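In: my questions are about this predicted structure, shown below with the sequence.
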Amino acid sequence: MIVKGVLSTDHPVQAQIIPMRRCNLSCTYCNEYDEISDPVPVEEMYRRIDKLAALGTTLIVISGGEPLLHPQLDEVIARIRSHGMIAGLITNGYLLVPERIQRLNRAGLDHLQISVDNVQPDDVSLKSLKVLDKKLQWLKEHAIFHVNINSVIGAGVKNQGDALTVAKRAVELGFSSTVGIIHDGSGQLRRLAPDAQAVFQETRKLGKRSYSRLNGFQINIAEGRPNQWRCRAGARFLYICEHGLVHYCSQQRGFPGIGVHANLSGANMCSPHT
Ligand SMILES: C[S@@+](CC[C@H](N)C(=O)[O-])C[C@H]1O[C@@H](n2cnc3c(N)ncnc32)[C@H](O)[C@@H]1O
Ligand code: SF4
């Protein structure tokens, strides 16, 4: 994926799609869910996936809301794979049971990210090791796809050290792990406090198999240093919301807000600064 991304610059590398905005949880740091919406009809999801394939997209990540609530999620995954694109899924894991994991295997899922935020559930997040550890064991036993455990750190998190406990559990189970720094409603991140920075460094050392070790961008943010960078959102990364509109990212919804079925090429989707 990285080689293709470097050699050919006229196609999206990653697109995130949202088949289901509704969520069965309500983490207080999150602005990406609602409690009422219906699943996007599967035929509509097919049209969006086919369009992304025609644009040359390498990887499609299914997110939400909670994507496992979508009744035809397996068909959505299979459609992505039918085009030869890589299929990823981000989930809170609450609905995972052995039979559901085996169905994801059969659909052809390549990569699953399960979010585990803390050791014990609290009023910020119910995505705890206490609740999800059994799901992690089932994933270890049944999944034939890659599993990554993502935790969060930073503003609003009660016990910053929990991210380290979660990352250690990931290593024990043979999974990779990442840590996301909590951002605000416009996608901005604040420098981590010293205790959180120490935890962040420790989790990075553990994550031998994870992408976080390559993520110098995030290290700079954690330590409050500026990054020399160009945002490629809208060009190499697309975020397609439940209404089929393309946005720069989950925190920049409304920009540019163009329909994915509009007659676009990868090139003219770029904003002037990409
Ligand atoms: C929006 S959720 C959707 C998928 C699924 N419901 C889940 O929680 O994994 C995708 C990921 O975004 C993370 N996330 C949500 N809001 C965030 C924020 N304000 N800062 C950092 N990560 C956030 C979640 O922890 C999760 O790992
Ligand atoms: S489980 Fe995921 S989508 Fe639902 S509220 Fe938490 S972070 Fe947001």
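Out: Done, it's in. Residues are numbered from 1 along each chain as shown. Ligands and ions are numbered 1, 2, ... in the order given.
In: any idea which element R106 lies in?
Out: helix 98-107 (DSSP states H and E).
In: got the buried residues for that helix?
Out: The neighbour-count check on helix 98-107 (16 or more other C-beta atoms under 10 Å) flags R100, I101, L104, A107 as buried. C-betas here are computed from N, CA, C, even on glycine.
In: got it, and stretch 73-92?
Out: 73-74, 76-81, 85-92.
In: and if you look at stretch 234-247?
Out: 234-242, 244-247.
In: same thing with stretch 249-261?
Out: So for stretch 249-261, counting by 16+ other C-beta under 10 Å, buried means C249, S250, Q251, Q252, I258, V260.
In: that stretch near ligand 2 at all?
Out: No: Stretch 249-261 stays clear of ligand 2 (C-beta under 6 Å from any ligand atom), getting no nearer than 9.9 Å.
In: so, low pLDDT: which residues of the stretch 151-274 of the chain?
Out: Across the stretch 151-274 of the chain, the ranges flagged by pLDDT under 70 are 207-215, 263-274.
In: and I240, what are its bridge partners?
Out: Residues in a beta bridge with I240, per DSSP bridges, are I17, V246.
In: and it, what does it touch?
Out: I240 sits next to A15, Q16, I17, I18, R48, L52, V246, H247, V260 when contact means C-beta atoms under 8 Å, 6 or more residues apart in numbering.
In: if we go to 10 Å?
Out: 15-19, 45, 48-49, 51-52, 60, 246-247, 259-260 (C-beta atoms under 10 Å, 6 or more residues apart in numbering).
In: V131 too?
Out: N92, G93, Y94, V116, N118, Q120, P121.
In: just among these, which is most surrounded?
Out: Among the contacts of V131, V116 has the most neighbours (other C-beta atoms under 10 Å), with 29 neighbours.
In: how about the contacts of V131 in JSON lines, adding pLDDT and secondary structure?
Out: Shown next, in JSON lines, are the contacts of V131 (pLDDT from 0 to 100; DSSP: H, G, I helix; E, B strand; the rest coil):
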{"residue": "N92", "pLDDT": "98", "secondary structure": "coil"}
{"residue": "G93", "pLDDT": "98", "secondary structure": "coil"}
{"residue": "Y94", "pLDDT": "98", "secondary structure": "coil"}
{"residue": "V116", "pLDDT": "98", "secondary structure": "coil"}
{"residue": "N118", "pLDDT": "97", "secondary structure": "strand"}
{"residue": "Q120", "pLDDT": "97", "secondary structure": "coil"}
{"residue": "P121", "pLDDT": "97", "secondary structure": "coil"}
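In: look up how far E35 lies from the residue of the stretch 51-200 of the chain found nearest ligand 2.
Out: As assessed by C-beta to the nearest ligand atom, ligand 2 sits closest to N92 within the stretch 51-200 of the chain, at 3.8 Å. Counting by C-beta to C-beta, to the nearest Å, the separation of N92 from E35 is 14 Å.
In: got it, and I77?
Out: 25 Å.
In: now Q252
Out: 23 Å.
In: kindly report the same for R103.
Out: For R103, the distance to E35 - C-beta to C-beta - is 26 Å.
In: end-to-end on stretch 30-45?
Out: 24 Å (C-alpha to C-alpha, to the nearest Å).
In: re earlier: now the buried residues of stretch 234-247 as TSV including distance to ligand 1?
Out: TSV is the format used below for the buried residues of stretch 234-247 (distance: C-beta to the nearest ligand atom, whole Å):
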residue	distance to ligand 1
G234	19
A235	22
R236	19
F237	15
L238	16
Y239	11
I240	14
C241	12
E242	12
G244	18
L245	17
V246	18
H247	14
